[in-house]
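[1] I would like to see how this sequence folds:
(chains A and B)
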There are 2 protein chains.
Amino acid sequence: MGGRVNSIGIIGFGRFGKVLANILQKGFSIKAYDPKQSSPFSGVEFVSLDELLKEKTIFVAVPIRHFESVISDISSRISDGTTIIDVCSVKKYPVEMMGKSLPENVGIIATHPMFGPDSFMSNNRLKMMMNNTRDSHNQFKFWKGFFMDQGIQILEMTPDEHDRMAAQTQGVTHFLGRMLKEFGIKKTSIDTQGFRDLLDLVDQTCNDTWELYTDLQLYNPYTKDIIENLKKSTDTLENRLKELQS
Amino acid sequence: MGGRVNSIGIIGFGRFGKVLANILQKGFSIKAYDPKQSSPFSGVEFVSLDELLKEKTIFVAVPIRHFESVISDISSRISDGTTIIDVCSVKKYPVEMMGKSLPENVGIIATHPMFGPDSFMSNNRLKMMMNNTRDSHNQFKFWKGFFMDQGIQILEMTPDEHDRMAAQTQGVTHFLGRMLKEFGIKKTSIDTQGFRDLLDLVDQTCNDTWELYTDLQLYNPYTKDIIENLKKSTDTLENRLKELQS
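    Alright, predicted model coming up:
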């Protein structure tokens, strides 16, 4: 049945919580809870956690490393009939966590909005992964439609499919961006287009926090192997060059 | 005094020789020599090496690995008053080679056109490094002006400055492009802009031949250190992640 809800809650109001509020303001009044929040945000009412837990739809937008403690904190205080929507950039870990901790009659929708404050501002087409994890209250179809109406492309897949692919895309992109920053890459007078793309990559990936970067690498079970494979490819290439020199 | 010449020669008519012919056709009749050349090319007359060596201006556009043997082959047969212009993608090695082998009264202009067939076709601004190496016949200013008239941005610098910078730009770009190809990077349904830029990087760098790639890495004296530094940065980043896991 599901249907329209008029207000929603957001737990965690950092970099991504604000992007989310901008999108959700197009249909809802918003209550938010963040222990660190101080400055007001247009159209958002900051409330206590107990007050927020009265909402029927609650987005959890906290750093992945704090996800477990937040979920276990709310699991005993949450009412039947609530739906929890997470926005973590990895999916197997939070979905397993929610399935285990949240009471049977609390619905679960897993999402990964594949954009941040920077890409949200640009005019690029936004993408969002969604998984109908445990849709106890028939809310999935409604939310999928809402995000599509905002021009966001929805990709449905399992948490496992997501993490395997994201290890390739996010994992490689962010690892190389951080590696090139560590290397000390910088502009020269003879830059080609390909080199300028690498400079852009560093800007884009290093605009995210170091915490988000390490969360992506540590909480995606497939990222470690990907990084190993990148290193193996580096060694293979280097060895081929060394053979030519000898 | 120098001044306008009406015909020029090109030794080596591979991927880059053809790009060069397209540019030089806007001012000159072109004679070319390439032992492998078979198919005709509009506006270019293929001649024997002896016939070609009668030209007063000769571009050498052979693979870097064949540069030494070509230069030593022509050095005893070349006339006084000739100017040799090389287009190698590294600069210290060919400049030292030409300075040592070519007779005193043969002029030397070193260039690195920083574009290939792909970037030449696009509408991007083209760049070219030039070095007035041993301009016995006052040809440098003329050629600099000619290329600028074609809309090419000219960057004057020493061979050493070039190779230091190119180890950063070309060296890093091509190494990462080849490494990602070796890794087996491929499109997914959840690609972000940063990831698509990496896919483009692989296309761009791997369109060049493996021979050009290895020449860039092996004949630039600074590239080896750059690759070492890239690997060190990879290890540093990986170790920071490992510390977080333990």
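[2] C-alpha only now, for contacts and for neighbours.
    Will do.
[3] three-state assignment of the residue nearest the centre of chain A?
    The centre of chain A sits closest to residue A:89, judged by CA atoms, centre = their mean, with a distance of 3.0 Å. Three-state call for residue A:89 (DSSP: H, G, I helix; E, B strand; the rest coil): coil.
[4] in terms of contact, does it touch residue A:112 like I think?
    Yes. Using CA atoms under 8 Å, residue A:89 is in contact with residue A:112, at 5.4 Å.
[5] give the buried residues for stretch A:6-16.
    A:7-13, A:16 (16 or more other CA atoms under 10 Å in any protein chain shown).
[6] chain center to the longest helix seen in chain A, what's the gap?
    Using DSSP state H to assign secondary structure, the helix with the most residues in chain A is helix A:223-245. On the basis of CA atoms, centre = their mean, to the nearest Å, helix A:223-245 sits 30 Å off its chain's mean C-alpha point.
[7] angle of it against helix B:223-245?
    Orientation note: helix A:223-245 sits at an angle of 160 degrees relative to helix B:223-245 (axes from the mean of the first three to the mean of the last three CA atoms, to 10 degrees).
[8] helix A:223-245 - contacts with which helices or strands?
    Applying 3 or more CA pairs under 8 Å, 6 or more residues apart in numbering or on different chains; DSSP states H and E, we find helix A:223-245 packed against helix A:172-183, helix A:210-219, helix B:172-183, helix B:210-219.
[9] 10 Å instead?
    On a contact count with 3 or more CA pairs under 10 Å, 6 or more residues apart in numbering or on different chains; DSSP states H and E, helix A:223-245 meets helix A:159-166, helix A:172-183, helix A:210-219, helix B:172-183, helix B:210-219, helix B:223-245.
[10] what sits up against that helix?
    Helix A:223-245 has contacts (CA atoms under 10 Å, 6 or more residues apart in numbering or on different chains) with A:163-172, A:175-176, A:216-218, B:175-176, B:178-185, B:213-215, B:217-218, B:224, B:227-228, B:230-231, B:234-235, B:238, B:241-242.
[11] got any residues that touch both of residue A:89 and residue A:112?
    Between them, residue A:89 and residue A:112 share the contacting residues A:129, A:162, judged by CA under 10 Å, 6+ apart.
[12] tell me which helix or strand residue A:205 sits in.
    Per DSSP states H and E, residue A:205 falls inside helix A:193-207.
[13] list the buried residues of that helix.
    A:193-199, A:201-202, A:204-205.
[14] let's have those residues in JSON lines, adding distance to chain B.
    Rendered in JSON lines, the data for these read as follows (distance: CA to the nearest CA, whole Å):
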{"residue": "A:193", "distance to chain B": "8"}
{"residue": "A:194", "distance to chain B": "6"}
{"residue": "A:195", "distance to chain B": "6"}
{"residue": "A:196", "distance to chain B": "9"}
{"residue": "A:197", "distance to chain B": "7"}
{"residue": "A:198", "distance to chain B": "8"}
{"residue": "A:199", "distance to chain B": "10"}
{"residue": "A:201", "distance to chain B": "6"}
{"residue": "A:202", "distance to chain B": "9"}
{"residue": "A:204", "distance to chain B": "7"}
{"residue": "A:205", "distance to chain B": "8"}
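[15] let me have the residues you listed in TSV, extended by distance to residue A:41 and pLDDT.
    TSV is the format used below for those (distance: CA to CA, whole Å; pLDDT from 0 to 100):
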residue	distance to residue A:41	pLDDT
A:193	40	83
A:194	40	86
A:195	39	92
A:196	36	91
A:197	35	91
A:198	35	94
A:199	33	95
A:201	30	92
A:202	30	94
A:204	25	87
A:205	26	90
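[16] residue ranges with poor pLDDT in chain A?
    A:1-5, A:123 (pLDDT under 70).
[17] what is the nearest of the buried residues of stretch A:6-16 to chain B?
    Chain B lies nearest to residue A:16 out of the buried residues of stretch A:6-16, by CA to the nearest CA, at 16.6 Å.
[18] and that closest one, how close does it get to residue A:208?
    With the distance defined as CA to CA, to the nearest Å, residue A:16 ends up 10 Å from residue A:208.
[19] joint contacts of the two?
    A:116-117.
[20] you'd agree the residue nearest to the centre of chain A is up against residue A:169?
    No. Contact status for residue A:89 versus residue A:169: not in contact, 11.8 Å apart, counting by CA atoms under 10 Å.
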